[in-house]
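Trainee: missing the sequence, but the structure's below:
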């Protein structure tokens, strides 16, 4: 998803498109020379040019942000803390998870296909379900990107062979960002090696391209709002 918040008087730019790439609205583009023609492609973060306002994808993705998972557990005291005695599984809200996007505040094993996480035996109990004062459950908060089932992709560039790019100073919201990073207001934003917004600086050669104006929220929108420089 991609949503313009404020564009001022700027207008988007239409560029010939690298025919080999897939993308969704809100990803970052850069310019490349293919043959004798300058074309737009998905950015690797080193020379970002603008934000894509078109789609060419085989499947759509969405984000689950700060999803809370709590599982009850019996535990034993190991001399320092209570820990679980057996493996415990729990379903996430969505299957078909992109493994590289997954993060959890407690160490778990992820089955990305069916969206099942496993807390291994020995995981510290960190939550009190009953108010007894003794932890009797495990709580984790997870973030991830997943493929939306039963929704085939689309290509808005078909026919024209061109892609629309926003490249001047503007504010926008996007779901195309790395979910295994944290985002704070006014923090710098970079472009990942795969054209996603990220608070992680991939290398010293990756410039800052934007600033966080509103982080994703489990209560409001799961999209990231940024000011593009």
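Mentor: Thanks, I have it. Because the structure is predicted, anything quoted here is derived from the model rather than measured.
Trainee: domain map for this protein?
Mentor: Domain assignment for the chain, taken from automatic domain parsing, gives 2-55+156-228, 61-147.
Trainee: the longest one - what's its average pLDDT?
Mentor: Averaging pLDDT along domain 2-55+156-228 gives 95.
Trainee: pLDDT score assigned to the residue at the greatest distance from the centre of the chain?
Mentor: In the chain, the residue that sits farthest from the middle, by Cα atoms, centre = their mean, is residue 79; the gap is 38.7 Å. For residue 79, the pLDDT comes out at 93.
Trainee: most packed of the domains of the chain?
Mentor: Of all these, domain 2-55+156-228 has the most neighbours on average by mean count of other Cβ atoms under 10 Å, namely a mean of 18. Yep, even glycine has a C-beta here, placed from its N, CA and C like the rest.
Trainee: endpoints of stretch 45-64, how far apart?
Mentor: This stretch, stretch 45-64, spans 24 Å end to end (Cα to Cα, to the nearest Å).
Trainee: what's the spacing between that stretch and its chain's center?
Mentor: From the chain centre to the centre of stretch 45-64 is a distance of 11 Å (Cα atoms, centre = their mean, to the nearest Å).
Trainee: can you check stretch 199-218 too?
Mentor: When distances are taken as Cα atoms, centre = their mean, stretch 199-218 is centred 12 Å away from the chain's centroid.
Trainee: can I assume residue 143 is in contact with residue 178?
Mentor: No. Checked against Cβ atoms under 8 Å, the pair residue 143 and residue 178 is beyond contact range at 9.4 Å.
Trainee: identify the contacts common to these two.
Mentor: Common contacts of residue 143 and residue 178 (Cβ atoms under 8 Å, 6 or more residues apart in numbering): residue 101.
Trainee: quick one: the closest residue in space to residue 176 that isn't next to it in sequence and residue 191, what's the gap?
Mentor: Take residue 176 and drop its neighbours on the chain: the residue closest to it by Cβ to Cβ, 6 or more residues apart in numbering is residue 26, 3.9 Å away. Residue 26 is 12 Å from residue 191, where distance means Cβ to Cβ, to the nearest Å.
Trainee: give me the beta-bridge partners of residue 84?
Mentor: Using DSSP bridges, the bridge partners assigned to residue 84 are residue 75.
Trainee: what residues are up against it?
Mentor: Shown in contact with residue 84 (Cβ under 8 Å, 6+ apart): 73-75, 119-123, 125, 138.
Trainee: go again using 7 Å as the cut-off
Mentor: Shown in contact with residue 84 (Cβ atoms under 7 Å, 6 or more residues apart in numbering): 73, 75, 119, 121-123, 125, 138.
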